[in-house]
Every structure is written in C-alpha cells, then in structure tokens.
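Peer 1: Quick one: sequence and predicted model below, then my questions.
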Amino acid sequence: MDTELVVGAGCSLPPGRYGYDPLRHRVHRLGGRPGGTPPGVTAELSVTARRTVSHYGHRAWPLLLLDTGHAAAALFLASRALGAGEPGLRLAAGSQQPLASVHVAPPGPVHRADGLLCPLLSASAPTPEELLVRRSAPPPLPGTPAPETLRAILTTAARAGGGDLRWCAAVGSPRPGLMELAPDGATLRRCAAGEARPTLAAWAAGQAWIADAGAVLLARGCPTDADAAHIRHTHLRAGFAVHLAHITARRHGLAARPVGSWQQADLGAALGAAPGQDWIVHGLALGTLRAEKENTP
C-alpha cells in the first residue's frame, strides 16, 4: 500500500504533498499542495500491483482492491475515533490512481471537498482503544451468533457497502441456510435453506476451517461482464464495508476474520439463478466460542 498526504490549511504540517514511509513512520515532502486543496488532510491510497502479482498471480488485483478498501475504512474510523468529525471517502471511479482517498477536516466548522462521499453510519464513533485491539482472529471460529447480532452486522455492511452489493450470512445448525435483511431492515429472513459452509470453504481457496465457522458474512455481486471501473469500485466498497462489519462484530463480542480469496464462487448459480451474475466478492467469518475463551480471565 502506498500513501500520500495532501495537506491543506489547519494542520500541524505546512500545506503541501507528502509521501508516507510506513517502515519509519515518517513523512517526507514531495511538493506544494495542488490548487483547490481543502482545509485538513487527504490520505490518498495507491498500490504497486507487481509486489503481489508475483505471489498471487491473477488473484492479486481483487485482493489489492479489497485491502485498499480495508485501509480506507481504518483511516475513516480513526478520524471518527479522534473526534475529527465525519470524514470524506472517495473510491476510484476511473483507471487512475489513487484507488481511494479519505479526507479529514481540521477541528472547527466542517469542510467538505467536492466529490467526496460520506457514508452515514448509525453506530457511535469507535474509541482509539477499540481500533487498536481489532485483529483478525485465528481459526477455528465456532459458535453461531445470535440473530440480533447477525442483523446488526448485516445492517452495518449494507449501509457501508452502498448499492452495488448484496449481503447475506451463511449459518449452520439448527436451521442451516442463508440469512439476509428483510425489506423492513429491522428483521432477518431466510433467503435459502441448506448447509452452505462446506461449499464456501471449497470456494475460499480450500480453507477447510470455514466449514465450521459459526457464520460467514458474504458480499455478492460484480457480474462476469462488469467493466474494470465497476470491478474496482465493487471490491473497494466490499473491503470498506467488511472492515466496518468487523468492528460491529467485535462490539457484539464475536471473533471475526475477513476472507478475501474466492475462486469460482458463483453463489447465484448455486442458488439456481443465471450463472456469472452473482459472484462472492468478500466475506467475514464469525464465531462466538473463541471470543468467549479470549475474554475468560
């Protein structure tokens, strides 16, 4: 992940463009600020694909997009935790870098740059401590979450994911199947019956532990004929939404682990719809028992 900071008025750094060195946790000045730079700071996130392509091959680009969405969400939540107000979020609409930008306004009256999207979330601002302890839990993740907890997680994902994705959760016994939010947004409904977790484990690059997870949140969409801009936006938004869903899961006492590597995961076709129209883009495995053990003195 490559990060540049565009600094406007009202910041501790002089206005200008800065590069961020994650190894030294330092910034270095690259030049003056572009014209029209709003007050505050905008973090611009880009990637160098060759670093990941050499290991993951054709799977690298979707994974990079998901990771960028997660990074944007981390900055978004950090801004809220520090009391900087509702940050602005912009995800790539074209082929140019940066892939995502997060704008943080200085203290005082809210300033918003043109074109910045601001996802409105009902959850209260996280605390810094809450963000610092958030980690991906190691498998296994057994224990089915309560319906009200699943509803809260699905609600967060749906609000943060925008209109390009559909969300459901695969659950096991006593009534295995896929659950989604009802049209009223306040209750859950069953959209498919039957045990889906073993198939999800096979689709998720053969990660067998997923078959025993308490539940698996799924982001679905992005048809086979989607153009490059739609693929970028959908994956970035999925990473952003799953990150926020992870925070919601932690608030409800669950252990959670994002699942980003999906192969031939045509959920729509598996449910009897036309093939190639409803692929799994991202996931979040959820469990209760590991969280209970971690919280036991």
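Peer 2: Arrived safely, thanks for sending. Numbering: from 1, shown residues only.

Peer 1: Only C-alpha atoms from now on, for both contacts and neighbour counts.
Peer 2: Noted.

Peer 1: Checking Gln96 next. Helix, strand or coil?
Peer 2: Assigned with DSSP: H, G, I helix; E, B strand; the rest coil, Gln96 falls in the coil class.

Peer 1: Looking at it now. What's its pLDDT?
Peer 2: Note on Gln96: pLDDT of 76.

Peer 1: what's the neighbour count on it?
Peer 2: Counted with other CA atoms under 10 Å, the neighbours of Gln96 add up to 8.

Peer 1: shift numbering so it begins at 544
Peer 2: All set: I'll call the first residue 544, so the last point we hit is now Gln639.

Peer 1: and it, what does it touch?
Peer 2: Gln639 makes contact with no residue under the criterion CA atoms under 8 Å, 6 or more residues apart in numbering.

Peer 1: Please report the distance of it from Ala772.
Peer 2: 10 Å (CA to CA, to the nearest Å).

Peer 1: cool, and Ala712?
Peer 2: Taking CA to CA, one finds Ala712 at 27 Å from Ala772.

Peer 1: same question, Ala758
Peer 2: With distances taken as CA to CA, Ala758 is found 31 Å from Ala772.

Peer 1: Of these two, which one has the most company?
Peer 2: Ranked by neighbour count (other CA under 10 Å), Ala758 and Ala772 place Ala758 first, with 29 against 12.

Peer 1: Kindly state the beta-bridge partners for that one.
Peer 2: Beta bridges link Ala758 to Val714, Leu829 when assigned by DSSP bridges.

Peer 1: And for Glu672, the neighbour number?
Peer 2: 9.

Peer 1: again, but for Ala725
Peer 2: 13.

Peer 1: Pro682: how many residues sit nearby?
Peer 2: Neighbour tally, Pro682, other CA under 10 Å: 19.

Peer 1: Same question for Ser622.
Peer 2: Neighbours of Ser622 (other CA under 10 Å): 22.

Peer 1: now do Asp770
Peer 2: Residues near Asp770, counting by other CA under 10 Å, number 10.

Peer 1: separation between it and Phe783?
Peer 2: In terms of CA to CA, Asp770 sits 20 Å off from Phe783.

Peer 1: again with Leu697
Peer 2: Counting by CA to CA, the gap from Leu697 to Phe783 is 14 Å.

Peer 1: And those two? Which one has more around it.
Peer 2: Neighbour tally, Leu697 and Phe783, criterion other CA under 10 Å: the higher count belongs to Leu697, 29 against 26.

Peer 1: Which of the residues in whatever helix or strand that one lives in are classified as buried?
Peer 2: Assigned by DSSP states H and E, Leu697 belongs to helix 690-704. By neighbour count on 16 or more other CA atoms under 10 Å, the buried set for helix 690-704 is 692-704.

Peer 1: Tell me the one among these nearest to Gly579.
Peer 2: Ala703 (27.8 Å; CA to CA).

Peer 1: That closest one against Phe783, yeah?
Peer 2: Yes. Using CA atoms under 8 Å, Ala703 is in contact with Phe783, at 7.1 Å.

Peer 1: pLDDT below threshold where in the stretch 644-793 of the chain?
Peer 2: Scanning the stretch 644-793 of the chain for pLDDT under 70 picks out 651-666.

Peer 1: mind checking how far the biggest helix by length in the chain is from the chain centre?
Peer 2: If you go by DSSP state H, the chain has its longest helix at helix 771-794. Once both centres are worked out by CA atoms, centre = their mean, to the nearest Å, helix 771-794 turns out to sit 2 Å from its chain's centre.

Peer 1: How about stretch 816-836?
Peer 2: 13 Å.

Peer 1: Mind listing the residues bridging to Asp809?
Peer 2: Under the criterion used (DSSP bridges), Asp809 bridges to Trp822.

Peer 1: Please read the previous query as pertaining to Ala735.
Peer 2: Leu721.

Peer 1: Tell me how many other residues surround it.
Peer 2: Neighbours around Ala735, by other CA under 10 Å: 15.

Peer 1: ditto for Asp768
Peer 2: Asp768: 10 neighbours (other CA under 10 Å).

Peer 1: which SS class is it?
Peer 2: Asp768 ends up coil, using three-state DSSP.

Peer 1: Need phi/psi at it.
Peer 2: phi -90, psi 10 (degrees, to the nearest 10).
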